[in-house]
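> Output the structure for:
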Amino acid sequence: MRTPVHEPERDSTHEPVQEPFREPVRADSPPVPSEDDDTLPTIPVTPAATTASPAAASPAPDASARARALLVPVADQRAAPVPEVAPVLPGMPAAARPRIQAPGGEPADETGPPCPWCEVGNRPDRHFCRRCGMSLARRLGVTEARRPWWRRMWDFGNGPTPWAGDRPRTRRGIGRVFSWIAYGLALGLVIYAAFNVSTAWNVARDHFSKRAQITPDSAAASRSFGSHPPKLIFDKVSNSWWGPGISGSAEGEWAEARFEEPTRLLDILITSGISTKAPDLTEAALPHRMDAVITTSDGKKTTRHITLDQVSGPQQRKFRAQNVISVRFVIRSAFNVGTDKQVSIAEIEFFTRATSSGS
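Alright, predicted model coming up:
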């Protein structure tokens, strides 16, 4: 058993303390960790070092090379790729976004201007596109004819609806004034028709109803000639006549027909002269202008002006009046006036609605 040999103690006061040898550090070399640092160095593992065989190992590197080997390369690190689809929570799948595809034209198998919306050809007689269904009223290259004003009046409030962001055209000027005048006239006509419905209905019935002759209940005259009283005018016989018995034009003379019940009259027939024969026209003076004074059941009097021709036979005139109780015919002028002739009237016939027409 060996005895440990103790070396003699040295006097530290006389011997200088030698510092450990340190290799000079190059400027381009990384710092060397101190001895007090207890952190384990990280040694990178390279593919070449793992695959190299012991026989091909290089001699031991120096201290600077060993320090450089301890460094972690940073230049080779790359940023992690950003995923194309953002992550979502489990159980809540995100809906796929719709893809917007611009409208593209299809092969134009129809002749005509293309649709302004999808550029598909359409025949000129089409009003809506055969692909997208949009209106072709504003198709390119086709000028729409302006409609007349009386057709545009009925388009009030029925114009095309403007698209989002479009401002509708404002109508100003004299055209707008004329439009309001036309609307006012139309409203006035509607109000007038509403207050005169009964009158319009009677006028329509008078126009389409059948006529029936009516005889006055009595007759009177300003004066008469001998055996030709005024009742002969309304006896429905054309070879009898009435005359005032004075020569000349007999202005102011009159003959009157009277009705006991208010009557609605539509037409009258007046036969001038002493008969309906043409040779008898020269035998007497013929009435030219007469005033028909109509008296109604309420006492109101209305005057109608009647102008006759110098012909033989009856002459028809419209004579629309209702609730008539008397009609007085006043002579104002005459044809073929002479000192030996008097004004003569052969017949005056009145016509009203026929009862067979449902009146």
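
> which regions of the stretch 251-359 of the chain sit below the pLDDT cut-off?
For the stretch 251-359 of the chain, applying pLDDT under 70 flags the ranges 356-359.

> One more: the stretch 101-250 of the chain?
Residue ranges of the stretch 101-250 of the chain with pLDDT under 70: 101-109, 138-145, 155-166, 168-173, 175.

> So which residues of it form helices?
Ranges of helices within the stretch 101-250 of the chain are 149-152, 174-195, 197-208, based on DSSP state H, counting those that start in this stretch.

> Columns mean neighbour count on top of those helices, output as CSV?
Glycine gets a C-beta too; all of them are placed from N, C-alpha and C. Shown next, in CSV, are the helices of the stretch 101-250 of the chain (neighbours: other C-beta atoms under 10 Å):
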stretch, mean neighbour count
helix 149-152, 10
helix 174-195, 10
helix 197-208, 11
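
> who wins for proximity to residue 314 among the ones you listed?
Nearest to residue 314 among these is helix 197-208; the distance by C-beta to C-beta comes to 20.1 Å.

> Show me what the closest one is packed against.
Helix 197-208 makes packing contacts with strand 314-335 when contacts are defined by 3 or more C-beta pairs under 8 Å, 6 or more residues apart in numbering; DSSP states H and E.

> Give me the angle between the strand it packs on and helix 197-208.
Here strand 314-335 runs at an angle of 100 degrees relative to helix 197-208 (axes from the mean of the first three to the mean of the last three C-alpha atoms, to 10 degrees).

> Could you give me the buried positions within strand 314-335?
Within strand 314-335, the residues scored as buried using 16 or more other C-beta atoms under 10 Å are 314, 319, 321-335.

> What pairs with it, parallel or antiparallel?
strand 254-272 (antiparallel), strand 286-296 (antiparallel) (DSSP bridges).

> So for residue 197, which of those strands sits nearest?
Across the strands paired with strand 314-335, closest to residue 197 is strand 254-272 (C-beta to C-beta), at 17.8 Å.

> Would you convert the strands paired with strand 314-335 into JSON lines that also reports distance to residue 117 and mean neighbour count?
Formatted as JSON lines, the strands paired with strand 314-335 follow (distance: least, C-beta to C-beta, whole Å; neighbours: other C-beta atoms under 10 Å):
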{"stretch": "strand 254-272", "distance to residue 117": "64", "mean neighbour count": "19"}
{"stretch": "strand 286-296", "distance to residue 117": "70", "mean neighbour count": "19"}
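
> could you dump those strands to CSV with distance to residue 228?
Compiled in CSV, the strands paired with strand 314-335 are given as follows (distance: least, C-beta to C-beta, whole Å):
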stretch, distance to residue 228
strand 254-272, 11
strand 286-296, 15
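
> To residue 116, which of these lies closest?
Closest among those, using C-beta to C-beta: strand 254-272, at 62.4 Å.

> my guess is residue 309 contacts residue 315, does it?
Yes. Using C-beta atoms under 8 Å, residue 309 is in contact with residue 315, at 6.3 Å.

> Next up, the contacts around residue 147.
Contacts for residue 147 (C-beta atoms under 8 Å, 6 or more residues apart in numbering) come out as none.

> Could you do residue 312 as well?
Applying C-beta under 8 Å, 6+ apart, the residues near residue 312 are 272-273, 275-278, 280-281.

> Quick check: PyMOL command selecting the buried ones in the residues you listed.
This is the PyMOL syntax for the buried subset of the contacts of residue 312, where burial follows 16+ other C-beta under 10 Å:
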select buried, resi 272+273+275+280+281
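
> I'd like the contacts of residue 312 written out as JSON lines, with distance to residue 293 added.
Formatted as JSON lines, the contacts of residue 312 follow (distance: C-beta to C-beta, whole Å):
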{"residue": "272", "distance to residue 293": "19"}
{"residue": "273", "distance to residue 293": "23"}
{"residue": "275", "distance to residue 293": "27"}
{"residue": "276", "distance to residue 293": "26"}
{"residue": "277", "distance to residue 293": "30"}
{"residue": "278", "distance to residue 293": "31"}
{"residue": "280", "distance to residue 293": "29"}
{"residue": "281", "distance to residue 293": "27"}
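
> Closest one to residue 303 out of the contacts of residue 312, please.
Within these, proximity to residue 303 (C-beta to C-beta) peaks at residue 272, which comes in at 20.5 Å.

> I'd like to know how far the closest residue to residue 135 other than its chain neighbours sits from residue 118.
Leaving out its chain neighbours, the residue that sits closest to residue 135 by C-beta to C-beta, 6 or more residues apart in numbering is residue 128, at 6.0 Å. Distance, residue 128 to residue 118, by C-beta to C-beta, to the nearest Å: 12 Å.

> Which of the two has more residues huddled nearby?
A direct count of neighbours by other C-beta atoms under 10 Å for residue 128 and residue 118 places residue 118 higher, at 18 against 13.

> now the more buried one: how far from residue 136?
11 Å.

> what sits in contact with each of those two?
Between them, residue 118 and residue 136 share the contacting residues residue 129, judged by C-beta under 8 Å, 6+ apart.
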